[in-house]
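Participant: next one to model:
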Amino acid sequence: MAPEDQGKQFVFVGGPMLIGKSKDGLRSKLAREGMREKRLEARKIAMAEINRLLTATTTTTTTKCSCRRESRIDGPAVRCSFCSRRNIRPYYYPWFTGDGDSSSVYDLASGLLDPMMPINELTSRLKVGSIFSFACRHIFPNLRSLDMAGIYQTWAFPFDDDELKLYAFLWSSKYHENLIRLTYGAPEDPAALKEELILKGLTLRALRKEVGNYTGQKPIDSIIRCMLVLAVNEKDSERIYREPSPFAPVFTGLHGLEVYGGRDFSPLHWMVMYKLLQKQGGIKKLRLFALAWHVSASDLTNAAHTLRKPLYPIVDVYGQKLDLDPPLLLFAPYGCGHSWGQRKTPGSGFNELLFMEQPVHGELVIVFCHIGELSYVIDHMSTQSCDAQLLDLLGDSRDLVHHRLFSQPNEDDTSDKILQRLDNGPSIGDTHKGCLELYLTCRLAMLLYSAHVTFPVPRSIAVRQRLLRSLCPKLQSFAVQGFSSPLLLWCTSVALIAAYGTEHFDEVLLLFKKLCCALQVMSLEKLLEILCSFAWVHATVQHHYPKMKGYFLANYEDT
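Facilitator: Down below sits the predicted model:
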């Protein structure tokens with residue numbers, strides 16, 4: 001072999017043959033590879049250090065709220081086993097559901113402070129950054145996902161030397177965090193409880209100072225927000241849970257219903273806030289973004305839980321009167337429009353109240369019809385993937401429809417607010433009383449239905465018992481009179497499912513069978529056809545269908 005050929009077979013790294021003018025560019029390739037490895041190693045070291053610091057600053061106990069797949073609880077709705085967040089938008093907002101690595105520095109609210117937040121003794125001592133991070137991850141998304149930025153920028157930061165605004169937000173967020181830990185059995189953290197009590201004391205002191213210095217020139221938004229926080233969180237911490245129910249509701253977490261729907265509001269703070277707002281001209285005078293909406297939504301959930309009429313009008317995040325199209329029309333672009341192949345439009349069965357000898361006012365019947373339309377929309381959307389925009393719109397439509405329902409006249413109102421006046425003057429007698437009783441029966445059944453299906457309150461046992469005690473005697477009274485109608489069948493069907501496992505069940509079951517025989521409803525398919533013309537969500541009651549089929553078989557055996 002020639003000497004030139006032998007020299008080309010060997011390459012000595014760093015030797016005299018490795019010159020920049022080499023034709024194969026070996027020197028430059030090795031240099032680039034070495035630099036790339038150094039950069040990768042530096043990045044790994046930096047990432048490990050950042051993750052170590054984040055873990056040290058955001059984790060106070062051995063239990064982490066990671067919302068990862070391995071920490072979820074199987075059930076009707078996928079939850080994080082620690083913070084209870086419902087993963088209702090996994091394909092659109094993965095950073096809310098924790099599908100990715102929760103320790104990544106690119107995650108929303110991963111523990112990094114707001115870059116505009118001042119770093120001083122106050123923010124460090126009160127751990128403002130970590131509390132703001134928790135609120136961005138677990139509170140704001142459960143209120144209104146699309147309006148998170150606006151809520152953060154007005155409720156939390158910048159606080160502009162407004163101590164009341166800052167302390168009220170910090171205390172409410174810390175209270176919520178400790179409430180979640182209590183709910184899901186995390187180890188007790190005395191340090192966290194101490195921080196909560198300190199923040200509550202600072203909040204009360206700032207409130208007294210603000211009220212004492214109030215001259216009428218400054219908006220009362222911070223005072224109202226603090227009063228709302230006190231009204232909702234004044235009671236001792238109790239774990240948040242959904243009581244057992246014969247129904248299986250869907251979309252239970254919209255607009256914070258899981259939290260506010262199961263709380264006992266402090267009557268003192270709630271009424272003080274109401275009187276203060278009345279003196280100032282109502283919630284429409286509030287300027288803070290989404291504060292008027294928050295007060296209105298909290299009032300609505302409290303009304304559903306206590307079965308009373310709402311105190312405030314329903315408004316949007318800008319404090320303006322909420323006015324939306326009926327549910328079928330509103331959600332038609334999302335594939336929820338009514339199919340004309342069906343025999344009856346959802347909700348149309350309630351028009352029976354318009355054809356009585358003394359009909360009910362049309363605007364009251366329309367509210368019942370809209371509950372039926374909303375039920376159809378909920379049933380359709382329960383099988384679909386919904387983004388944040390659609391869920392917020394569904395929450396607004398649900399709140400508007402139920403605000404009108406809860407505001408309807410009841411047995412304490414005069415009959416002229418319920419029944420139309422006939423041409424020949426007011427009606428007095430059995431006809432008038434029967435029409436009035438049918439409306440009141442329908443209203444009670446609708447409240448029972450909404451509290452478990454379309455506006456499902458977490459603590460439903462007390463609501464269910466109270467409504468059944470009022471509804472069952474009315475159903476029995478109509479049975480004694482021999483009265484039967486599709487509307488009465490719908491009311492009885494709702495009561496039948498709600499009464500399952502209670503002392504009222506046998507009584508309601510007997511009434512249900514009599515109505516089915518009187519109306520010649522001999523199959524489950526025929527029954528569902530009638531019920532869907534009123535208000536019905538298959539997803540919430542389909543687990544009762546096998547038992548309901550058995551009721552019809554028992555009817556055949558009796559005959």
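
Participant: and residue 475, how many neighbours?
Facilitator: Residues lying near residue 475 (other CB atoms under 10 Å) number 23. C-betas here are computed from N, CA, C, even on glycine.

Participant: surely it and residue 511 touch.
Facilitator: Yes: between residue 475 and residue 511 there is a contact under CB atoms under 8 Å: 5.4 Å.

Participant: shared neighbours, these two?
Facilitator: residue 492 (CB atoms under 8 Å, 6 or more residues apart in numbering).

Participant: and the helix or strand encompassing residue 494, how far from the chain's centre?
Facilitator: Using DSSP states H and E, residue 494 sits in helix 486-498. Here helix 486-498 is found 27 Å from its chain centre; the criterion is CA atoms, centre = their mean, to the nearest Å.

Participant: what does stretch 222-229 give?
Facilitator: The answer for stretch 222-229 is 21 Å, by CA atoms, centre = their mean.

Participant: for residue 473, give its distance to residue 223.
Facilitator: Between residue 473 and residue 223 the distance is 46 Å, computed by CB to CB, to the nearest Å.

Participant: more neighbours: these two, which one.
Facilitator: residue 223 (21 against 11).

Participant: and the pLDDT at that one?
Facilitator: The confidence metric pLDDT takes the value 91 at residue 223.

Participant: list the buried ones in the helix or strand following the helix holding residue 494?
Facilitator: Proceeding N to C from helix 486-498, the next assigned helix or strand is helix 505-518, under DSSP H and E. Across helix 505-518, burial judged by 16 or more other CB atoms under 10 Å covers 505, 507, 508, 509, 511, 512, 513, 515, 516.

Participant: got it, and stretch 308-322?
Facilitator: Of the residues in stretch 308-322, 310, 311, 312, 314, 315, 316, 317, 319, 322 count as buried by neighbour count, 16+ other CB under 10 Å.

Participant: ok, now stretch 388-406?
Facilitator: Within stretch 388-406, the residues scored as buried using 16+ other CB under 10 Å are 388, 390-406.

Participant: for residue 215, helix, strand, or coil?
Facilitator: Three-state call for residue 215 (DSSP: H, G, I helix; E, B strand; the rest coil): coil.

Participant: who are the contact partners of it?
Facilitator: Residue 215 neighbours (CB under 8 Å, 6+ apart): none.

Participant: next, find the distance separating it from residue 261.
Facilitator: As judged by CB to CB, residue 215 and residue 261 stand 37 Å apart.

Participant: could you double-check that residue 404 lies in contact with residue 367?
Facilitator: Yes: counting by CB under 8 Å, residue 404 does reach residue 367; the two are 4.7 Å apart.

Participant: list the contacts for the residue nearest to the spatial centre of the chain?
Facilitator: What sits nearest the mean C-alpha location of the chain, by CA atoms, centre = their mean, is residue 254, with 2.1 Å. If you count contacts by CB under 8 Å, 6+ apart, residue 254 has them with 391, 394, 395, 398.

Participant: so among those, where is pLDDT lowest?
Facilitator: residue 391 (91).

Participant: flag the shaky bits of this protein, pLDDT-wise.
Facilitator: 1-27, 49-124, 158-160, 236-238, 338-343, 423-430, 554-559 (pLDDT under 70).

Participant: domain parsing for it?
Facilitator: Here the domain parsing of the chain from automatic domain parsing is 3-51, 110-243+251-306, 327-336+349-558.

Participant: shouldn't residue 132 be within a helix?
Facilitator: Yes: under three-state DSSP, residue 132 falls within a helix.

Participant: how far away is residue 448 from residue 405?
Facilitator: 12 Å.

Participant: returning to what we had before: does anything pack onto the helix holding residue 494? Which helices or strands?
Facilitator: helix 430-452, helix 461-481, helix 505-518, helix 524-532 (3 or more CB pairs under 8 Å, 6 or more residues apart in numbering; DSSP states H and E).

Participant: go with 10 Å
Facilitator: Counting contacts by 3 or more CB pairs under 10 Å, 6 or more residues apart in numbering; DSSP states H and E, helix 486-498 packs against helix 430-452, helix 461-481, helix 505-518, helix 524-532, helix 538-541, helix 545-558.

Participant: if I follow the layout properly, residue 264 ends up in contact with residue 232?
Facilitator: Yes: with contacts counted by CB atoms under 10 Å, residue 264 reaches residue 232, the gap being 9.4 Å.

Participant: so if I had to pick from these two, which one is more boxed in?
Facilitator: Neighbours were counted for residue 264 and for residue 232 using other CB under 10 Å; residue 232 has more, 23 against 14.

Participant: how close does that one get to residue 470?
Facilitator: Distance from residue 232 to residue 470, by CB to CB: 28 Å.

Participant: and what of residue 146?
Facilitator: 39 Å.

Participant: ok, now residue 126?
Facilitator: Residue 126 sits at a distance of 49 Å from residue 470 (criterion: CB to CB).

Participant: between these two, tell me which one has more neighbours.
Facilitator: More neighbours surround residue 126 than the other of residue 126 and residue 470, with 18 against 15 (other CB under 10 Å).

Participant: tell me who's in contact with that one.
Facilitator: Taking CB atoms under 10 Å, 6 or more residues apart in numbering, we find residue 126 in contact with 166, 167, 170, 174, 195, 198, 199, 202.

Participant: now, the most widely separated pair of those residues?
Facilitator: Within the contacts of residue 126, 166 and 195 form the most distant pair, 14.4 Å apart (CB to CB).

Participant: helix/strand/coil for residue 324?
Facilitator: Classification of residue 324 by three-state DSSP places it in coil.

Participant: for it, grab phi and psi.
Facilitator: Residue 324 adopts backbone torsions of phi -120, psi 160, taken as degrees, to the nearest 10.

Participant: that one and residue 316, how far apart?
Facilitator: Distance, residue 324 to residue 316, by CB to CB: 9 Å.

Participant: quickly list what's touching both of the two.
Facilitator: With CB under 10 Å, 6+ apart as the test, residue 324 and residue 316 both reach 396, 399, 400.

Participant: among these, which are in helices?
Facilitator: When DSSP state H is applied, the shared contacts of residue 324 and residue 316 are split such that 396, 399, 400 fall in helices.

Participant: turn the residues you listed into JSON lines, including distance to residue 494.
Facilitator: Converted to JSON lines, those look like this (distance: CB to CB, whole Å):
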{"residue": "396", "distance to residue 494": "25"}
{"residue": "399", "distance to residue 494": "21"}
{"residue": "400", "distance to residue 494": "22"}
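
Participant: closest to residue 419 among those residues?
Facilitator: Residue 419 has its nearest neighbour among those in residue 400, at 25.1 Å by CB to CB.

Participant: got the contact list for that closest one?
Facilitator: With CB under 10 Å, 6+ apart, residue 400 has these contacts: 300, 314, 316, 321, 322, 323, 324, 326, 327, 330, 370, 374.

Participant: hmm, residue 290 and the third one touching each other?
Facilitator: Yes: if you go by CB under 10 Å, residue 316 and residue 290 touch, sitting 8.8 Å apart.

Participant: what touches both of these two?
Facilitator: residue 147.

Participant: and the gap between residue 548 and residue 467?
Facilitator: For residue 548, the distance to residue 467 (CB to CB) stands at 21 Å.

Participant: who has more neighbours, those two?
Facilitator: Remark: of residue 548 and residue 467, residue 467 carries more neighbours, 23 against 17, as counted by other CB under 10 Å.

Participant: skipping its backbone neighbours, what lies nearest that one in space?
Facilitator: residue 448 (4.4 Å; CB to CB, 6 or more residues apart in numbering).

Participant: now for the one you found: which residues touch it?
Facilitator: 247, 460, 463-464, 466-468, 470-471, 491, 494-495, 497-499.

Participant: out of those residues, which is nearest to residue 535?
Facilitator: Of all the contacts of residue 448, residue 535 sits closest to residue 494, with 8.5 Å by CB to CB.
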